[in-house]
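J.: Here is my input, please return the structure:
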Amino acid sequence: MIPQSVSEIINHHVRLSVEGIDRMYLNVYVPGLQYEAGIVGFFRHHRGMPLPSAALMKPMSRGFVGALEGFAGRHRIPVVQFRKGERKDAIMAERLRHFRREEGVVFIGKAQEKAPVFRTEKRLNPSTGKPYPWIVRSTAMVNQYYVYAVDRDFGPFFLKFCSYFPFNAKLCINGHEFAKRQLAKAGIRFEALDNGVLSCADPRRLQRICDGLSPEKIDGLLRKWLRILPHPFTAADRKAGYRYDISILQAEFSLTQVLDQPARGRQFFEQVIRENLDLGRPEQVQLIFQRRLPRRQGPALRTRIITQGVTPSLHVYYKNTQIKQYHKESRALRTETTINNTYDFGIGKRLHNLPKLRAIGFAANRRRLEVERTSHDCLLAEATFQSINGQIVQGRQRASGLRFADPRAHALLHALIPFRQFVQGFRSADLRRHLAQLHGQHPNSVSQNAITYQLRRLRLHRLIERIPNTFRYRVTDFGLRVALFFTRTYNRLLRPGLFAALSSTNAIHPPLSRLFDRLNHQIASFVDRAQLAKT
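T.: Numbers count the residues shown, from 1 in each chain. Next up, the predicted model:
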């Protein structure tokens, strides 16, 4: 029997659940060479050049490119010129199928891409009128070298070098590939998904391996391959402190829940997409086809029928962060949070901040599932329902009730549903902006006093609580349950039911309206037979 609720699927039909880092896209750079004064200091004070200029960078660039191509030639590594529109990952996947070594460079790809660079421009001395060179930041189309390789511990990855000074690079790794390599080294039997694990003889050990992907191990991977590959900086440069560091550009934190039957996943998404279409949350529900859809079609917000060959996915956005859910290979439910800007959460970009980001990413995944689970189990007792509708008094503070079906109370409760998923809570400004959008107004038209009153109203009713020592609030478990019950009941039962029963504008009466007509006819007949109308 196919389960009828999200909660039942999650509680009883998940046979393997694993949290782990998925893809990470990292910035590899020399900290002292990312600004003009640092460039001047490198050439003038470190290398002893009296006039720093772009002319000093060209020999370094030519030398690094020559070393890379010489390395490829000595080790018989193919150099591939990427063409416009080609999928680089697809080329890697094809060549990886024929790669038989445990570790090594598979191929080196070459592509022209725009990159930040430093140039020299002439400026005039205001006193003497004589020209002098000046280092400025700019952009240019330069060659980028993609080193696609396989590591003994991390599996497939790539390291992309800019061929122009200061030789910034990008490192892309996959935490699931790391986990598979570690399972194989430990002799633990497992079955792989395309980007994950389908089954494992020791699930606890698998989770420990995923938890063990630390900043130190990622840094060790980079240092190892910088020793293997040609290095753009000399040993003297590195000894003087011009060494590569790592920052986080993008990190994906995933929760993979393998289901006992493919039908469970389809049932899950039918329920979840229906919930989000009814509630207007989250901001986008879309279907991912095996081809790109024209932009003019827009997001498929109203699509509910899922046919064969189509993967349903659900997207939630918070600033530059996205929470995505999809049915992976029709076998597993994948919930993943992708953080594209660590500053959205007040966290630095350096790699040592990875544990803090990990906590935020996994908490976001759990909250997403919690909202979906609670949405199918949000019934309220009669006394609780009445207390929310009535006025509440605490000490000297009082607030009006959140009357069921009142438009303003309804909009306020609508706002709580996405706020529940904010790991760091929400601010009064977030509530102000969200309420204004729901009422079709500009945020400036909503006064701060009105927002303060609404926050007190929600707090006294125990729907939200203030996070200690901050100006942020979080939605309580009780608040989420109340918000879901009120909004779902109004959206699904009261509003469509009243329209069907009472509307006189329908050319074709819906079934509910026809039933009311029959009931009215039966009551009239009963009264007529009892001759009550004459008394």
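
J.: For the helix or strand hosting Glu94, which residues meet the burial criterion?
T.: If you go by DSSP states H and E, Glu94 is part of helix 88-96. Across helix 88-96, burial judged by 16 or more other C-beta atoms under 10 Å covers Ile91, Met92. Using the backbone N, CA and C atoms, a C-beta is placed for each residue, glycine as well.

J.: which residues touch it?
T.: Pro78, Val80, Phe82, Val106, Phe107, Gly109, Ala111, Tyr146, Tyr148, Val150, Pro156, Phe158 (C-beta atoms under 8 Å, 6 or more residues apart in numbering).

J.: Secondary structure element for Tyr148, which one?
T.: Here Tyr148 is assigned to strand 131-151, by DSSP H and E.

J.: just to revisit the earlier point, partner strands of the helix or strand that the helix holding Glu94 is followed by, parallel or antiparallel?
T.: Next along the chain after helix 88-96, taking DSSP H and E as the criterion, comes strand 104-124. Strand 104-124 has the following sheet partners, assigned by DSSP bridges: strand 79-81 (parallel), strand 131-151 (antiparallel).

J.: Rounded mean pLDDT for the shortest one, please.
T.: Averaging the model's pLDDT scores along strand 79-81 yields 94.

J.: Give me the buried stretch members for that strand, please.
T.: Buried residues in strand 79-81 (16+ other C-beta under 10 Å): Val80.

J.: what does that strand contact?
T.: Glu69, Ala72, Ile91, Phe107, Ile108, Gly109, Lys110, Ala111.

J.: Please enumerate the strands of the stretch 401-535 of the chain.
T.: Secondary structure of the stretch 401-535 of the chain, counting by DSSP state E, counting those that start in this stretch: strands at 464-466, 473-475.

J.: which is the next helix or strand following the lowest-mean-pLDDT helix or strand in the chain?
T.: When each helix and strand of the chain is scored by mean pLDDT, DSSP states H and E, strand 284-288 comes last, with a mean of 58. Later in the chain than strand 284-288, the nearest helix or strand by DSSP H and E is strand 311-318.

J.: rewinding a little: by contact count, what packs against whatever helix or strand comes next after the strand holding Tyr148?
T.: Following strand 131-151 in sequence order, the next helix or strand is strand 155-162 (DSSP H and E). Under the contact definition 3 or more C-beta pairs under 8 Å, 6 or more residues apart in numbering; DSSP states H and E, strand 155-162 sits against helix 88-96, strand 131-151, strand 169-174, helix 175-186, helix 215-228.

J.: Return strand 155-162 as PDB; C-alpha atoms alone will do.
T.: Extracted C-alpha coordinates of strand 155-162, given in PDB (Å, rounded to 0.1, in the frame of the first residue of the first chain):
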ATOM      1  CA  GLY A 155      38.400  10.500  -6.500                       C
ATOM      2  CA  PRO A 156      37.700  12.800  -9.600                       C
ATOM      3  CA  PHE A 157      38.200  16.500  -9.200                       C
ATOM      4  CA  PHE A 158      39.500  19.500 -11.200                       C
ATOM      5  CA  LEU A 159      41.900  22.300 -10.500                       C
ATOM      6  CA  LYS A 160      41.500  25.300 -12.900                       C
ATOM      7  CA  PHE A 161      44.400  27.800 -13.200                       C
ATOM      8  CA  CYS A 162      44.300  31.200 -14.700                       C
END
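
J.: returning to what we had before: want to throw the contacts of strand 79-81 into CSV with pLDDT and distance to Leu314?
T.: Listed next are the contacts of strand 79-81 as CSV, based on pLDDT from 0 to 100; distance: C-beta to C-beta, whole Å:
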residue, pLDDT, distance to Leu314
Glu69, 94, 46
Ala72, 95, 43
Ile91, 92, 31
Phe107, 96, 36
Ile108, 96, 38
Gly109, 95, 34
Lys110, 95, 38
Ala111, 94, 33
